[in-house]
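Provided below are the primary sequence and the corresponding predicted coordinates.
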Amino acid sequence: MKVRLVSACYEVSTAASGAEALRMARLIHPQIVLIGASLPDMAGPALCAALRALPCGAELPVLLQASGPDRVAALRAGAAALVEPGDELTLLARIRGLIRHEADALPDPLPGLAEAAAGFAHDAHDARPRAVFVADQPATALGWRHALQGRVDFAISVSDPERALAEAASGRVADLYLIAADIQQPGDGLRLLSELRSRPHSRESGFVVALRAGRAEMMPVALDLGAGDVLAWDLAGPDAAPESAMRLQAQLARKHEADRRRHETRRNMRWAMTDPLTGLHNRRYALPRLAELAAEAQEGRGDLAVMLLDLDRFKQVNDVHGHPAGDAVLAEIAARLAAALPEGALLARIGGEEFLAVLPDCPARSARRIAEALRHAVMAAPVALPHGCALPELDVTISAGVAVGHPGPHAPALDPEALLASADRALLNAKSSGRNRIVMASQMIAA
């Protein structure tokens with residue numbers, strides 16, 4: 001088995017006993033563990049439970065070869081999947097699926113990092129997670145539901161392919177789908193799985209496929225298409241129902257854990273790229289995003305306006321009224337700037353009292369008009385100061401330097417650093433010529 005996995009470009013370490021496996025797991029922190037059916041010092045389920053109890057093992061996927069009563073014991077011990085000895089194609093497909101599941105738990109690198117994850121609409125009368133069963137006949141799916149609903153803690157509804165896809169398109173998706181591999185035609189259940197996995201609302205659901213006897217060759221295909229597990233067609237039989245319920249429950253738990261990790265990663269990314277005082281993007285996010293917008297402007301031949309805005313005499317605010325007053329001024333001015341900018345503009349706080357605004361597809365005349373609108377929005381009303389300050393409110397003004405890049409077939413490529421430097425020189429000019437004004441960088445300098 002090690003030879004097979006190494007030939008598939010996996011790095012494999014082997015252990016001859018449970019004790020050795022535990023020692024190695026502490027040292028190398030494996031991504032996946034495969035436990036064979038016969039170990040000299042402990043049973044497979046016991047080793048699975050011991051691995052999961054390690055400090056690094058709470059989320060460790062464990063594949064376990066088991067038969068008979070050991071199958072349920074392995075699931076109770078936290079096994080991610082059960083594998084059959086000798087079925088190398090299915091084993092490799094399960095490993096690929098587990099690695100893909102780890103990647104799917106990461107959020108998409110969306111611009112702005114403020115997009116919420118796709119939600120799941122549960123029935124108002126039942127707050128439990130929801131599963132949808134799709135089979136060749138409604139009676140088959142109803143039989144599955146009847147046998148399993150008392151063994152699981154999620155609500156079960158029965159559907160057909162068209163309805164499942166329509167609900168997914170409208171945003172009402174299930175947390176878990178159990179789909180028969182063959183519905184009306186052989187393999188059309190796998191096509192339904194592929195469709196649901198490709199939809200933005202349902203792609204993060206959990207998926208399990210039910211296979212008829214004699215269709216074992218479809219198991220690796222189903223796993224590679226995104227199924228988290230594959231159950232036998234008689235999954236609701238008296239002997240199979242307890243195991244089937246546990247395996248479905250395990251897939252739902254994996255889905256919820258992936259949701260949690262995705263949300264946590266997105267939140268941490270947002271925190272890392274957001275200024276905590278103003279809620280705007282910070283310099284760490286803004287400068288790479290400026291480079292992206294410059295590349296997009298170059299490709300689309302649209303003007304790109306870059307503005308640097310600086311609060312006038314802000315140091316005096318902190319010196320005279322204190323830092324709480326300075327924080328209040330920054331937060332209020334950030335809100336006014338955000339409200340006055342058009343949709344699609346980038347706004348970030350990149351220094352103490354300095355803000356960056358980037359406007360795609362914005363020629364010089366429009367950039368000047370928007371910059372003036374920002375200046376007037378800042379000075380339109382005094383800023384209220386916190387209780388305890390010498391004054392209840394304070395008049396605030398800004399100065400701004402604006403540079404506009406003009407891409408063209410014969411013009412040099414837009415340089416975001418040069419645009420930023422041009423806007424900075426224009427801002428210094430605005431400061432030195434009296435403050436509370438807008439200065440446009442010349443087109444020659446901007447280029």
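Structure received.

Roughly how far does residue 96 sit from residue 339?
The gap separating residue 96 from residue 339 is 48 Å, by C-beta to C-beta, to the nearest Å. (Each C-beta comes from the backbone N, C-alpha and C, glycine too.)

for residue 27, same thing?
Taking C-beta to C-beta, one finds residue 27 at 55 Å from residue 339.

And the closest residue to residue 194 other than its chain neighbours, how close does it get to residue 184?
Using C-beta to C-beta, 6 or more residues apart in numbering and skipping residues adjacent in sequence, the residue nearest residue 194 is residue 225, 5.5 Å away. Remark: distance between residue 225 and residue 184 (C-beta to C-beta) = 18 Å.

Look at these two and report which has more neighbours.
Neighbour totals were compared for residue 225 and residue 184, and residue 225 leads with 17 against 9 (other C-beta atoms under 10 Å).

Between residue 96 and residue 339, which is the more surrounded one?
Using other C-beta under 10 Å as the criterion, residue 96 and residue 339 rank with residue 96 on top: 15 against 9.

Who are the contact partners of that one?
Residues in contact with residue 96 (C-beta atoms under 8 Å, 6 or more residues apart in numbering) are 223, 224.

Okay, buried residues for the host helix or strand of residue 91 please.
Under the criterion of DSSP states H and E, residue 91 resides in helix 88-104. Buried residues in helix 88-104, counted by 16 or more other C-beta atoms under 10 Å: 90, 91, 92, 93, 94, 95, 97, 98, 101, 104.

right, and the second one touches residue 63 too?
Yes - the criterion here is C-beta atoms under 8 Å, and residue 91 meets it with residue 63 at 7.3 Å.

Specify the residue ranges that define each domain of the chain.
Taking automatic domain parsing as the criterion, the chain consists of the domains 1-86, 113-254+263-272, 283-446.

Tell me how far the last one lies from the chain's centre.
Using C-alpha atoms, centre = their mean, to the nearest Å, we find the averaged C-alpha position of domain 283-446 to lie 30 Å away from the chain's own average C-alpha position.

repeat for the second one
Relative to the chain's own centre, domain 113-254+263-272 is displaced by 20 Å; criterion: C-alpha atoms, centre = their mean.

check contacts around the nearest residue to residue 44 once chain neighbours are set aside.
In space, and not counting its chain neighbours, residue 44 is closest to residue 35: 4.6 Å by C-beta to C-beta, 6+ apart. Residues in contact with residue 35 (C-beta under 8 Å, 6+ apart) are 21, 44, 47, 48, 62, 63, 64, 65.

With residue 199 instead?
Counted by C-beta under 8 Å, 6+ apart, residue 199 has contacts 165, 168, 169, 173.

Now do the contacts for the second one.
Taking C-beta under 8 Å, 6+ apart as the contact definition, residue 168 lies against 196, 199, 201, 202.

residues of the helix or strand it falls within that come out buried?
Assessed by DSSP H and E, residue 168 sits inside helix 161-170. The neighbour-count check on helix 161-170 (16+ other C-beta under 10 Å) flags 161, 164, 165, 167, 168 as buried.

same check, this time on stretch 282-302
282, 285, 286, 287, 289, 290, 293, 294, 297, 298, 302.

Using JSON lines, lay out those together with pLDDT and secondary structure.
Formatted as JSON lines, the buried residues of stretch 282-302 follow (pLDDT from 0 to 100; DSSP: H, G, I helix; E, B strand; the rest coil):
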{"residue": "282", "pLDDT": "95", "secondary structure": "coil"}
{"residue": "285", "pLDDT": "93", "secondary structure": "helix"}
{"residue": "286", "pLDDT": "95", "secondary structure": "helix"}
{"residue": "287", "pLDDT": "95", "secondary structure": "helix"}
{"residue": "289", "pLDDT": "94", "secondary structure": "helix"}
{"residue": "290", "pLDDT": "96", "secondary structure": "helix"}
{"residue": "293", "pLDDT": "94", "secondary structure": "helix"}
{"residue": "294", "pLDDT": "93", "secondary structure": "helix"}
{"residue": "297", "pLDDT": "92", "secondary structure": "helix"}
{"residue": "298", "pLDDT": "89", "secondary structure": "helix"}
{"residue": "302", "pLDDT": "88", "secondary structure": "coil"}
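
so where's this structure shaky on pLDDT?
104-126, 410-411, 443-447 (pLDDT under 70).

Go through the longest helix that it contains and flag the buried ones.
As assigned by DSSP state H, the longest helix anywhere in the chain is helix 241-272. Buried residues in helix 241-272, counted by 16+ other C-beta under 10 Å: 241, 243-252, 254-255, 258-259, 261-262, 266, 269.

And stretch 407-415, by the same measure?
407, 414, 415.

now swap in stretch 229-241 and tell me
229, 230, 231, 232, 233, 235, 236, 240, 241.

How far off centre is stretch 275-294?
Relative to its chain's centre, stretch 275-294 lies at 19 Å (C-alpha atoms, centre = their mean).

Might one say that residue 327 is in contact with residue 277?
Yes - under the criterion of C-beta under 8 Å, residue 327 makes contact with residue 277 at 5.9 Å.

for the stretch 301-447 of the chain, what spans make up the strands?
304-311, 346-349, 354-360, 383-384, 393-394, 398-405, 438-440 (DSSP state E, counting those that start in this stretch).

And stretch 87-96, how far out from the chain middle?
27 Å.

Now for residue 255: which residues touch it?
So residue 255 contacts 175, 176, 204, 205, 206, 228 (C-beta under 8 Å, 6+ apart).

do the same with residue 375
397, 398, 400, 436, 437, 438.

Pull the number of nearby residues for the fifth one.
Close neighbours of residue 437, defined as other C-beta under 10 Å, add up to 18.

how near is it to residue 264?
The value you get for residue 437 to residue 264, if C-beta to C-beta is used, is 45 Å.
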